[in-house]
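Q: sequence unknown, structure follows:
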């Protein structure tokens, strides 16, 4: 089973407001609400691809109830810990105001609640997959991803980490199966500019030297690259298409890679599924469907 962890999930309230004006009453022309959070995005795309997963993390209040309801409506399994106080986040995203967003803080996660999540993770078994994605909310220890992987060490669980900076670097000693920095994040780790595939290969290799098994690097419109634990290096340009919404594209790439790997055990196929899923989400208002992913997959050479 695949498990995804989203510490601070949200409802994303996406509104289109033509000619948005500060200090004025603005009216929307369209509205939509989606469950949000990087781990949740991975679970939803996996579900679209026909792969089951269970979404873990913390929810609170009526917003948390709605997050769970919407995920279950989409067919996703959920096992969130309900916090006794506070309310899960509602994030407002203005489509017509230069990408303006208002992201809430979310509820306080207590030490007791965190330990209860840890106990759930203790139940994972050999062959299970754990996805840790995104930043962590204020109040949790900065070492939380590292602590989780340390606690699961020796259980032969495939771990995937999509994070930035020290949150990512600190887990490498635990040999995660897959990490997915984008090329900007990869450059920031080593204080360099990543502007060609040779540099991607060099610095992805440095992350492998620190412990990562497979390094998947997303590069926006330039496509993506994969350095495998076998030393193979794959890279592909992004498929042709119109960028509609980049939110969730990286998470979709992780989901597509996992779906491809679990289906075949073949890195080339997993890589193509990853870039197809990431691009399909970027070309759509919503997260990628299986039909959209497979249509792009057929175009990749």
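A: Now that the structure is in, tell me what you want to look at. Computed from a prediction, not measured in an experiment: that's the story for all the values here.

Q: residue ranges of the helices in the protein, please?
A: 38-48, 61-73, 111-121, 144-151, 165-169, 183-190, 197-209, 249-264, 267-282, 290-297 (DSSP state H).

Q: Which elements pack onto the second one?
A: Of the remaining helices and strands, those touching helix 61-73 by 3 or more C-beta pairs under 8 Å, 6 or more residues apart in numbering; DSSP states H and E are strand 10-16, strand 30-36, helix 38-48, strand 53-59, strand 77-78. Heads up, the C-betas are built off the backbone N, CA and C, glycines and all.

Q: From the chain's centre, how far out is that helix? Work that out for me.
A: The gap between where helix 61-73 is centred and where its chain is centred comes out at 19 Å by C-alpha atoms, centre = their mean, to the nearest Å.

Q: One more: the fourth one?
A: Averaged C-alpha coordinates place helix 144-151 at 18 Å from its chain's average position (C-alpha atoms, centre = their mean).

Q: For burial, what's the neighbour tally of residue 8?
A: Using other C-beta atoms under 10 Å, residue 8 has 25 neighbouring residues.

Q: Now for it: which residues touch it?
A: Neighbour list for residue 8: 37, 57-58, 88-89, 106, 134, 136-137 [criterion: C-beta atoms under 8 Å, 6 or more residues apart in numbering].

Q: again, but for residue 151
A: By C-beta under 8 Å, 6+ apart, the residues touching residue 151 are 118, 121-122.

Q: And residue 45, by the same measure?
A: 248, 251-252, 255-256, 277, 281, 287-288.

Q: returning to that earlier point: quick one: which of the helices of the chain is nearest residue 93?
A: Residue 93 sits nearest to helix 38-48 of all these, at 14.0 Å, using C-beta to C-beta.

Q: Which of the helices and strands packed on helix 61-73 sits closest to residue 150?
A: Comparing the helices and strands packed on helix 61-73 against residue 150 with C-beta to C-beta, the closest turns out to be strand 53-59 (17.7 Å).

Q: Which neighbours in the sheet does that closest one have, and how are they oriented?
A: Neighbouring strands of strand 53-59 in its sheet, by DSSP bridges, are strand 2-6 (parallel), strand 77-78 (parallel), strand 81-82 (parallel).

Q: re earlier: tell me which of the contacts of residue 8 is nearest to residue 185?
A: Checking the contacts of residue 8 against residue 185 by C-beta to C-beta gives residue 134 as the nearest, at 12.5 Å.

Q: hang on, that closest one packs against residue 6?
A: Yes. If you go by C-beta atoms under 8 Å, residue 134 and residue 6 touch, sitting 6.8 Å apart.

Q: what about the two, which has more around it?
A: Between residue 134 and residue 6, counted using other C-beta under 10 Å, residue 6 has the larger neighbour count: 26 against 23.
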